[in-house]
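Visitor: Next input, structure requested:
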Amino acid sequence: MSVEGTRRLPRTLGAWRRDTSPIYQALFLAALLVLGSSFVAGFVESLRLFGLPPIHGDATILGRTLLERGEYATALDEFRLAGLIDPENYDARPQLDFSTARSAPGSAAQRGRTSLAAGRWVEAERALREALASDPQPELHDLLGFALYELGKREEAAQQFERARALRAPHAERTP
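Guide: Next up is the predicted model:
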């Protein structure tokens, strides 16, 4: 701002106050207060997101980081959004390991893993529920959560992911 502009500022503000009604002035100040508080609220809310990687060219970076943290439902939502935001640079599916090597041959868990790997979500859900009835492992809850997520059962998927997280926690009670 120039020196002359600095000298005119008090006169301009005085003229504005003189020419506008007190109600308008009060509403203007209230609007400024709302605007300022919105900026502050946005900044405070963003503080909880610090530590997550920035999204540069790859819209799936955040999803991969969330998967590593075990936040599966949020990660899968990020992958879905990545496909909508950046369809040209988005690899169609995140690389998830549904390896059958960790399950006994012919077991319900192996059938569930095989169905997941082939994208047969309904069969996977059925087999994984059967496997969980006899062996409530955190990993099986995660896999069932993936199947439910793909079937559009987001709330139930989130519950399965939470059960898996609770079973992994050292202080969790292990009740089926």
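
Visitor: switch to C-alpha atoms for all contacts and neighbour counts from now on
Guide: Fine.

Visitor: helix or strand right after the helix or strand where Ala131 lies?
Guide: Here Ala131, judged by DSSP states H and E, is contained in helix 121-134. Next helix or strand after helix 121-134 toward the C-terminus (DSSP H and E): helix 138-150.

Visitor: Lowest mean pLDDT among the helices and strands of the chain, which one is it?
Guide: helix 72-85 (a mean of 74; mean pLDDT, DSSP states H and E).

Visitor: same for that one, what does it pack against?
Guide: helix 61-69, helix 138-150, helix 154-168 (3 or more CA pairs under 8 Å, 6 or more residues apart in numbering; DSSP states H and E).

Visitor: Just give the closest residue to the spatially most central residue of the chain, not the sequence neighbours.
Guide: The centre of the chain sits closest to Thr74, judged by CA atoms, centre = their mean, with a distance of 3.3 Å. Closest residue in space to Thr74, ignoring its immediate chain neighbours: Leu66 at 7.0 Å, by CA to CA, 6 or more residues apart in numbering.

Visitor: And that neighbour, what's its pLDDT?
Guide: We note a pLDDT of 79 for Leu66 in this prediction.

Visitor: got it, and Gly57?
Guide: For Gly57, pLDDT reads 53.

Visitor: go on, the one 4 residues further on?
Guide: Confidence per residue is given as pLDDT, and for Ile61 that number is 73.

Visitor: hang on, the earlier thing: buried sites along the least confident helix or strand of the chain?
Guide: Neighbour counts over helix 72-85 (16 or more other CA atoms under 10 Å) mark 72-73, 75-76, 78-83 as buried.

Visitor: Same list, these, but as JSON lines with distance to Leu32 please.
Guide: What follows is these, written out as JSON lines (distance: CA to CA, whole Å):
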{"residue": "Tyr72", "distance to Leu32": "40"}
{"residue": "Ala73", "distance to Leu32": "38"}
{"residue": "Ala75", "distance to Leu32": "37"}
{"residue": "Leu76", "distance to Leu32": "39"}
{"residue": "Glu78", "distance to Leu32": "34"}
{"residue": "Phe79", "distance to Leu32": "38"}
{"residue": "Arg80", "distance to Leu32": "37"}
{"residue": "Leu81", "distance to Leu32": "34"}
{"residue": "Ala82", "distance to Leu32": "35"}
{"residue": "Gly83", "distance to Leu32": "38"}
